[in-house]
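Student: sharing a sequence plus its predicted fold:
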Amino acid sequence: MKALLDNLTPEQQLHLLFTQNSVGDTALHYAALWERPETVKTLLDNLTPESQLKLLSVKNGISKTASQQPIGIFRTTNTMRTFEQYQTEADYRVNYRKFASLISYA
């Protein structure tokens, strides 16, 4: 997966990562479903925090985000921990930037 992403432009990467199949699943949904925390990391690593949050919030045809996808199927600690880590870090970075820009104008 990493080799594929490395050979694409940033625009092509975004298009690929946000592409949904006929039931609304993205590559991130499949990485979650098949318990691939390293693939989850690979898919999210090259994105900006804003894009990470956007991809993490994409819902499939049954209104499940990728982090909700494994519920009731496999759901290992490593995969869920990976999602939580990326969600927390991206939230912090996005909100810190907003807060810092507000302070700089004060």
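Tutor: Yep, that arrived. Numbers count the residues shown, from 1 in each chain.
Student: for this protein, what's the longest helix?
Tutor: Scanning the chain for the longest helix, with DSSP state H as the assignment, gives helix 77-105.
Student: distance between it and the chain's centre?
Tutor: Taking CA atoms, centre = their mean, to the nearest Å, one finds helix 77-105 lying 13 Å from the centre of the chain it belongs to.
Student: which parts of that helix are buried?
Tutor: 79-80, 82-83, 86-87, 90 (16 or more other CB atoms under 10 Å). For every residue, glycine as well, the C-beta is placed using N, CA and C.
Student: please compute how far stretch 8-23 lies from its chain's middle.
Tutor: So, by CA atoms, centre = their mean, the centroid of stretch 8-23 is 12 Å from its chain's centroid.
Student: list of residues touching that stretch?
Tutor: With CB atoms under 8 Å, 6 or more residues apart in numbering as the test, stretch 8-23 has contacts from 5, 26-28, 43, 46-47, 51, 54-55, 58, 60-62.
Student: check which residues of it are buried.
Tutor: Using 16+ other CB under 10 Å as the test for burial, stretch 8-23 gives 13-14, 17.
Student: and residue 20, how far from residue 59?
Tutor: Residue 20 sits at a distance of 9 Å from residue 59 (criterion: CB to CB, to the nearest Å).
Student: what's the helix or strand for residue 47?
Tutor: Per DSSP states H and E, residue 47 falls between elements, in no helix or strand.
Student: tell me the secondary structure for the residue nearest to it when sequence neighbours are not counted?
Tutor: Leaving aside its sequence neighbours, residue 47 sits nearest to residue 55 (CB to CB, 6 or more residues apart in numbering; 6.6 Å). Assigned state for residue 55: helix (three-state reduction, DSSP: H, G, I helix; E, B strand; the rest coil).
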